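Trainee: please find the sequence and the predicted model below.
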Amino acid sequence: MHHEITDLSARVLAAGIRSREFSAVDALEAHLAQIDLVNPTINAIVTLDRDAALATARAADDRTLRDPGGLPPLHGVPMTHKDTHNTAGLRTTQGSPIFRDFVPDFDDVIIERMKAAGVITTGKSNVPEFAAGSHTFNEVFGTTVNPWDPSLSAGGSSGGVAAAIAARIQPIGDGSDMGGSLRVPASFCNVVGFRPSPGVVPSLPSRDVWSWLGQAGTMAREVGDIALVMSAIAGDHPQSPFRSPVAAQAFAAPLEGDLTGVRVAFSRDFGLGIPVDAAVLRVFDAQLAVFESLGAHVEEAAPDLGEADLVFANVRAMEFALRLGGIVEQHGDLVKEEIRWNVEKGWAMTSRDQVETTLARSRLEGSVQRFFGRFDVLATPTAQVLPFDAAQRYPTTVAGVELDTYLGWMRSACVISATGLPALAVPAGFSGTGLPVGLQLVANRGRDVELLRVGHAYEQATRHFERTPPLLR
């Protein structure tokens, strides 16, 4: 019984609890048993509160009997949350020794909405320190490794949740993405990661309510589950200046349909000569035929992303100074060097740099809008590399090219973040060595639902989500 429950999608799991095929307590026990089974190997879950989860699950089962017609969409679905998202009454460390014992008295909006949608919160998943970098390791809990090969990275910063979803601990998870933090771990772990348009999921509370580079989003094994979660967590918030370009209920519409007439542009190097490993490109190149077979028009093209690197690097540096500047000043040596470097870069920026960044961002927007006048979707590699040695801090070369910063190997995700466009990472297949490779699909702002439809059609045609990691075989 337990093993079967953990294999279910969130849609099937929620429906089973609603129809009383099994209880929320059954689902919770299966979830906890799976953590006990696989977490000693992958180190994805770092905080657990079994007692509180059991009390919540029992209350959910009471509600199933009392109010069967009024149950929320994720009623009884157990899950852990990303350790950078504040959870009221549950330790939230940010992966930092400074916050090792911090217990917030509030939920971030994404968590508040998930709880309102009925999820049973059980604990927290591991992150890199302050979510910086796309490999999940920190001084507090150590390294999270990949269920497909425990000697390798699970990606980051939502690496704990990606590994947990791949290892069948939970079907869905919350994450966030500034430089690929939902997309890279999805690519490394054979799961789906979705970075929505700005305003769709408010990142609140925040020291900068106008912040746009980092987005709160979701992960799952199937695109249909992403849509289900988005229908529960999307929408405006009175404290956010952004209006959501997509109504929450739009995500509840059926995803089915072929891709007849959809105009797909593909690019191996983003038009920028971004280096990508040959093993990744071999998988990527084989995907274009899938889109053609589904009725899409496929053509090689990319928007002019020439301004994207500057925009990403400068806006990120300012965000780091804004968010972490005080922490670095107070606790300098307790913060990893990559973050200190990023914060210092932020403080060193001049008003001229700021003006140039703003102008570059406007030019980038112009080129993006010209591109989406001609195409519906851009398809690119998600990560430039296969999952790498978990003992490494980050890759320093890709395809023989030396990289200058700890962000260099994530450019494939960063240049898309700079555009502010919604992006979806979907499983694209496996390398010759059996490691997952992701496909990144990008649509115009506000076209989040259309993007999920394209991802769903592709996923149903390829069905890579059905393959389970060696760890579970």
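Mentor: Cool, got the structure. Numbers count the residues shown, from 1 in each chain.

Trainee: from residue 161, how far out is the residue nearest to the spatial centre of the chain?
Mentor: In the chain, the C-alpha closest to the average C-alpha coordinate belongs to residue 182, at a distance of 1.9 Å (Cα atoms, centre = their mean). Using Cβ to Cβ, to the nearest Å, we find residue 182 at a distance of 9 Å from residue 161. C-beta coordinates here come from the backbone N, C-alpha and C atoms, glycine included.

Trainee: on that earlier part again, so what does the residue nearest to the centre of the chain have for phi and psi?
Mentor: Residue 182 adopts backbone torsions of phi -100, psi -30, taken as degrees, to the nearest 10.

Trainee: enumerate every residue touching the closest residue to residue 247 other than its chain neighbours.
Mentor: Counting by Cβ to Cβ, 6 or more residues apart in numbering, residue 235 is the residue found nearest to residue 247 once chain neighbours are left out, at 7.0 Å. Residue 235 makes contact with 200, 244, 247, 248, according to Cβ atoms under 8 Å, 6 or more residues apart in numbering.

Trainee: ok, the third one - how many residues close by?
Mentor: The number of residues packed near residue 247 is 14, by other Cβ atoms under 10 Å.

Trainee: what do you get for residue 253?
Mentor: Residue 253: 12 neighbours (other Cβ under 10 Å).

Trainee: now do residue 420
Mentor: The burial metric for residue 420, expressed as a neighbour count using other Cβ under 10 Å, is 18.

Trainee: ok, residue 88 next?
Mentor: By the criterion of other Cβ under 10 Å, residue 88 has 15 neighbours.

Trainee: my read is that it contacts residue 81, right?
Mentor: No: no contact is recorded between residue 88 and residue 81 when judged using Cβ atoms under 8 Å, the distance being 11.1 Å.

Trainee: show me the strands in the stretch 51-200 of the chain, by range?
Mentor: Listed in chain order, the strands found in the stretch 51-200 of the chain under DSSP state E, counting those that start in this stretch are 78-82, 120-125, 137-138, 142-143, 145-146, 149-153, 172-177, 192-195.

Trainee: what would the ones you listed look like in a markdown table with distance to residue 262 and mean pLDDT?
Mentor: Compiled in a markdown table, the strands of the stretch 51-200 of the chain are given as follows (distance: least, Cβ to Cβ, whole Å; pLDDT from 0 to 100):
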| stretch | distance to residue 262 | mean pLDDT |
| --- | --- | --- |
| strand 78-82 | 32 | 98 |
| strand 120-125 | 34 | 98 |
| strand 137-138 | 39 | 97 |
| strand 142-143 | 40 | 98 |
| strand 145-146 | 32 | 98 |
| strand 149-153 | 33 | 98 |
| strand 172-177 | 24 | 98 |
| strand 192-195 | 18 | 98 |
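
Trainee: tabulate those (TSV), appending mean neighbour count and distance to residue 260.
Mentor: Conversion of the strands of the stretch 51-200 of the chain to TSV gives the following (neighbours: other Cβ atoms under 10 Å; distance: least, Cβ to Cβ, whole Å):
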stretch	mean neighbour count	distance to residue 260
strand 78-82	28	36
strand 120-125	26	39
strand 137-138	24	45
strand 142-143	16	45
strand 145-146	27	37
strand 149-153	20	39
strand 172-177	29	30
strand 192-195	32	23
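
Trainee: still on that earlier bit, for residue 158, see how far away the residue nearest to residue 247 is.
Mentor: Here residue 235 is placed at a distance of 22 Å from residue 158 (Cβ to Cβ).

Trainee: residue 355 now?
Mentor: 33 Å.

Trainee: of those two, who's got more company?
Mentor: The residue with more neighbours, out of residue 355 and residue 158, is residue 158; 39 against 10, by other Cβ under 10 Å.

Trainee: just checking, the more buried one touches residue 178?
Mentor: No: using Cβ under 8 Å, residue 158 is not in contact with residue 178, being 10.7 Å away.

Trainee: need phi/psi at residue 144.
Mentor: phi -90, psi 130.

Trainee: then residue 179?
Mentor: Taking degrees, to the nearest 10, you get phi -120, psi 30 for the backbone angles of residue 179.

Trainee: okay, strands next: where are they in the stretch 351-473 of the chain?
Mentor: In the stretch 351-473 of the chain, strands defined by DSSP E, counting those that start in this stretch lie at 377-381, 397-398, 401-402, 423-430, 436-443, listed in chain order.

Trainee: quick one: neighbours of residue 242, just the number.
Mentor: Using other Cβ under 10 Å, the number of residues around residue 242 comes to 17.
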